[in-house]
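Engineer: Got a sequence here, can you build the structure:
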Amino acid sequence: MAIISHDYKDLDMLETIMVKNDGTPLHGEIDMYRRIYNDCQKSDLLWHFWHDLRLPISINSQSEIQIDFLLASAYGILIVEVKGGKVGIDDGKFFFSSNGINYMDRSPFAQADDYKFAIINNNILPNGVFVATACAFPHTMMSSTNSTSILDLKYKLWTEAEQISSNCSFAKFALDVICKERQMKNWGEVIMSDKELAISISPFSQNRPTFWNYSEENYATIVNWLEVQNLEVFRAIQQNKRIIIEGGPGTGKTTIAKAFIRKYKKLRGVYLCWNNLLASKIKHDLEIANIKNCQVEQYISFISRLSTGKDTISFEDFQGTPNCIRTKVNDVVRAYRKREGFYPFDFIVVDEAQDIFDKGIKDVINTLTSVDSRGLSNGRYLIFYDTEQGYRNDDRQLRVFANEISDFGAHYILNENKRVPSNKCLVHCANKILHAELHEVCNIIDDFSLSNPSCIKVNKCATYREGIGLLKDIYLRAKSNKSISDYVLLSSSTLRCGIASFYDRLADIEWIKELTHKNLSLQSETLSLTTILSYKGLENKHIILLIDADKVSDKYELYIGMSRAILDVEIIYLKK
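Structural biologist: Next up, the predicted model:
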């Protein structure tokens, strides 16, 4: 096809351009420059070509890496380390023999691998790009690099024998090396399209994305920022690129999410969840920390923003069947990939994933976190879920969806409650509700009232007026203690039904404010109000649950509401 050179040297002027410190030509690199350029120009593949590529990545004692040649094709990238002059090998140690024996400090193959891992480990490339290495000794005859066949690297060494042969092509040699190493690493048969190739090499171009320059926060900095004593779970899992974490309320999932985002603060990511209020809270926390690399979005808003033209998606589409939703989402993300300027996300964090497992999140991860649309296999993502907090989890087969994604990454289960000791009592009581039969829920709450556990208080109000009076007492007590921000009112969905509902009456009271994504983080001298399900994923010290006494059987809502509390729950039964 062709070669696209990103070097722009005149082939006829190389002897005057490529010189040593004393001004003499670098014959090894010059000979390889012409050979690589000419052979790739005749190749059936499209090759991108760089010479003397310098990247500001610290390695060993160097402040940058300097790659002799870098080639990129649809099959992957090849880093080529060149050693001109006569090269020998003695007991695994390479040396120059032009003016006596001068041993090299490091094997050329190890040097090339250093550059490869510097690029991979520093996340210079988008996910899904294969990188191989080779060496070229254009002035040396060498039949093998090791007498033991399993250690022999001759398959990735270009020597004088190939250099002087008109039957050899460096383009074919490069492709053979890439394909052999792909096979050795079980990389698969997928190759990049021209657009995917252009995306993969953009970090090496002169107009590279501004977010490519990578640095990674260390563990101590992350722990200090989160104001926690330790984060051992995160320390244990942080080297994995694809992480799926299952854990119930209070197990520290959101803390780990923020640690993950902080760790990769120079990479471009997105945090997704189903809940608007949770998204608003995470966005606020990241803004306070001046972390700008990770956009935070509610899932429907994110998918809607990606959609255009015939592939638009609306809120109403998300009310359809799971199969219809997944098909629509898949169409949207595939169309988004085809847009001019598309670049895959370096990472995706999905919080409370049980809410969106059956709404196309698998296709979002697969399509948007990798250059080759295989993000589940080679992208970077962090997924949190708790199927017990998933509405109708059995009917929606949430466990099946979770297992499908878990097959591609490291799956961890968190079972230690990280909140205060009283919260463990709350979780125990909430679990009793969750695992009870529907007809048993009222009796269990009555038992709470009789046994009077320290973490739960139950009040029964004969009228709405009485309920409002009780809330006023709570408000005045919290205000006098200057702890009003530690309380939140969570209403069952039934109290919000109909015109002029009890929920609407509460929202109109001057000492109560209805929470929105805009005011969630604002300081206020009012009690905060929202529905139980809208507060999912969030927590507060004191939770006040407002329950319709005539429709108290929704154990799912009760479980979610009780598990939002850090210290205690007050359940208020309300009758009209």
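
Engineer: what's the following helix or strand after the helix or strand where T367 lies?
Structural biologist: Using DSSP states H and E, the secondary-structure element containing T367 is helix 361-368. As assigned by DSSP H and E, the chain's next helix or strand after helix 361-368 is helix 375-378.

Engineer: Now tell me what touches that following helix from outside.
Structural biologist: Outside of helix 375-378, the residues that reach it under the criterion C-beta atoms under 8 Å, 6 or more residues apart in numbering are 127-128, 242, 344, 348, 362, 365-370, 372, 381, 405, 408. (Glycine included, C-beta is placed from N, CA and C.)

Engineer: Closest to H517 out of these?
Structural biologist: Proximity of the contacts of helix 375-378 to H517, judged by C-beta to C-beta, is greatest for I348, which lies at 20.5 Å.

Engineer: and that closest one, helix, strand or coil?
Structural biologist: Following DSSP: H, G, I helix; E, B strand; the rest coil, the label given to I348 is strand.

Engineer: Enumerate every residue touching it.
Structural biologist: Counting by C-beta under 8 Å, 6+ apart, the residues that I348 touches are 269-272, 364-365, 368-369, 375, 379-382.

Engineer: Figure out the length between the terminal residues of stretch 290-304.
Structural biologist: The first residue of stretch 290-304 is 26 Å away from its last residue (C-alpha to C-alpha, to the nearest Å).

Engineer: Show me what counts as buried in it.
Structural biologist: Residues of stretch 290-304 classed as buried by neighbour count (16 or more other C-beta atoms under 10 Å): I291, N293, C294, V296, E297, Q298, Y299, I300, F302, I303, S304.

Engineer: Which parts of this structure belong to which domain?
Structural biologist: Using automatic domain parsing, the domains assigned to the chain come out as 2-204, 219-414, 421-574.

Engineer: List the contacts of stretch 103-114.
Structural biologist: 59-60, 65, 79-81, 83, 87, 92-96, 133-135, 137, 145, 153, 156.

Engineer: Buried among the residues you listed? Need that as a selection in ChimeraX.
Structural biologist: When burial is assessed using 16+ other C-beta under 10 Å, the buried subset of those is captured in ChimeraX by this command:
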select :59,65,79,80,81,83,87,94,96,133,134,135,137,145,156
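
Engineer: The residue nearest to S200 when sequence neighbours are not counted in helix, strand or coil?
Structural biologist: Sequence neighbours aside, V129 is the residue nearest to S200 in space, at 4.4 Å (criterion: C-beta to C-beta, 6 or more residues apart in numbering). Classification of V129 by three-state DSSP places it in coil.

Engineer: re the thing from before, which two from the contacts of I348 end up farthest apart in space?
Structural biologist: Y271 and G375 (15.9 Å).

Engineer: Of these two, give the one with the bigger neighbour count.
Structural biologist: Remark: of Y271 and G375, G375 carries more neighbours, 27 against 24, as counted by other C-beta atoms under 10 Å.

Engineer: For the more buried one, report the pLDDT, please.
Structural biologist: In the predicted model, G375 carries a pLDDT score of 91.

Engineer: Leaving out the residues flanking it, which one is nearest to it?
Structural biologist: Residue nearest to G375 in three dimensions, not counting chain neighbours: T369, with 3.4 Å by C-beta to C-beta, 6+ apart.

Engineer: list the contacts for that neighbour?
Structural biologist: Contacts of T369 by C-beta under 8 Å, 6+ apart are N127, P344, F345, D346, F347, I348, G375, G379, R380, Y381.

Engineer: The same query, at a cut-off of 6 Å, please.
Structural biologist: Contact criterion C-beta atoms under 6 Å, 6 or more residues apart in numbering gives N127, P344, F345, I348, G375, G379, Y381 as the residues in contact with T369.

Engineer: Throw the residues you listed into TSV and include distance to F448, thanks.
Structural biologist: Conversion of those to TSV gives the following (distance: C-beta to C-beta, whole Å):
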residue	distance to F448
N127	49
P344	50
F345	45
I348	40
G375	46
G379	45
Y381	40
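
Engineer: Confidence-wise, which of those residues comes last?
Structural biologist: At the low end of pLDDT for the contacts of T369 is N127, which has 85.

Engineer: Neighbours of that one, how many?
Structural biologist: Residues within reach of N127, counting by other C-beta under 10 Å, total 23.

Engineer: do you know how far it is from Q238?
Structural biologist: The gap separating N127 from Q238 is 17 Å, by C-beta to C-beta, to the nearest Å.

Engineer: Adjacent strands (with direction) for the host helix or strand of V488?
Structural biologist: Take DSSP H and E as the rule and V488 turns out to sit in strand 487-491. On the basis of DSSP bridges, the sheet neighbours of strand 487-491 come out as strand 527-531 (parallel), strand 540-548 (parallel).

Engineer: For Q41, grab the count of nearby residues.
Structural biologist: Neighbours of Q41 under the rule other C-beta under 10 Å: 14.

Engineer: what's the closest non-adjacent residue to it?
Structural biologist: Closest residue to Q41 in three dimensions, ignoring its sequence neighbours and counting by C-beta to C-beta, 6+ apart: I3, at 4.8 Å.

Engineer: Look at the residue lying closest to D317 once chain neighbours are set aside and report its pLDDT.
Structural biologist: The shortest distance from D317 to any residue that is not its chain neighbour, by C-beta to C-beta, 6+ apart, is 5.3 Å, and that residue is K328. With respect to pLDDT, K328 has a value of 92.

Engineer: Give me the distance between P322 and Q397.
Structural biologist: To Q397, P322 is 9 Å away according to C-beta to C-beta.

Engineer: Okay, strands next: where are they in the stretch 51-200 of the chain?
Structural biologist: Remark: strands of the stretch 51-200 of the chain, listed N- to C-terminal, are 65-73, 76-82, 87-90, 93-96, 102-103, 131-137, 157-159; assignment by DSSP state E, counting those that start in this stretch.

Engineer: right, and those strands - which one's nearest K281?
Structural biologist: Distance to K281, taken as C-beta to C-beta, is lowest for strand 131-137 among the strands of the stretch 51-200 of the chain, at 38.7 Å.

Engineer: what ranges of the stretch 1-150 of the chain fall below the confidence cut-off?
Structural biologist: Scanning the stretch 1-150 of the chain for pLDDT under 70 picks out the ranges 1.

Engineer: same question, the stretch 451-576 of the chain
Structural biologist: Counting by pLDDT under 70, the stretch 451-576 of the chain contains low-confidence residues at 552-553, 576.

Engineer: where exactly do the helices run in it?
Structural biologist: Listed in chain order, the helices of the stretch 451-576 of the chain (DSSP state H, counting those that start in this stretch) span 464-480, 502-507, 555-562.

Engineer: among those helices, which is nearest G250?
Structural biologist: The stretch from the helices of the stretch 451-576 of the chain with the least distance to G250 (C-beta to C-beta) is helix 555-562; that distance is 11.4 Å.

Engineer: how big is the angle separating the closest one from strand 540-548?
Structural biologist: 150 degrees (axes from the mean of the first three to the mean of the last three C-alpha atoms, to 10 degrees).

Engineer: buried set for helix 555-562?
Structural biologist: K555, Y556, E557, L558, Y559, I560, G561, M562.

Engineer: Next: stretch 405-412.
Structural biologist: Burial within stretch 405-412, assessed by neighbour count using 16+ other C-beta under 10 Å, is assigned to I405, S406, F408, G409, H411, Y412.

Engineer: Can you name the residues that contact G88?
Structural biologist: With contact taken as C-beta under 6 Å, 6+ apart, G88 is in contact with F95, S97.

Engineer: Show me what it is bridged to.
Structural biologist: When bridges are taken as DSSP bridges, the partners of G88 come out as F95.

Engineer: Spatially, which two of the contacts of T369 are the most separated?
Structural biologist: Spatially, the most separated pair among the contacts of T369 is P344 and Y381, at 11.4 Å (C-beta to C-beta).

Engineer: who has more neighbours, those two?
Structural biologist: Neighbour count, other C-beta under 10 Å: between P344 and Y381, Y381 has more, with 27 against 24.

Engineer: Could you pull up the contacting residues of the more buried one?
Structural biologist: For Y381, counting by C-beta under 6 Å, 6+ apart, the contacting residues are R242, I348, I365, T369.

Engineer: Look up how far W274 lies from the second one.
Structural biologist: With the distance defined as C-beta to C-beta, I348 ends up 14 Å from W274.
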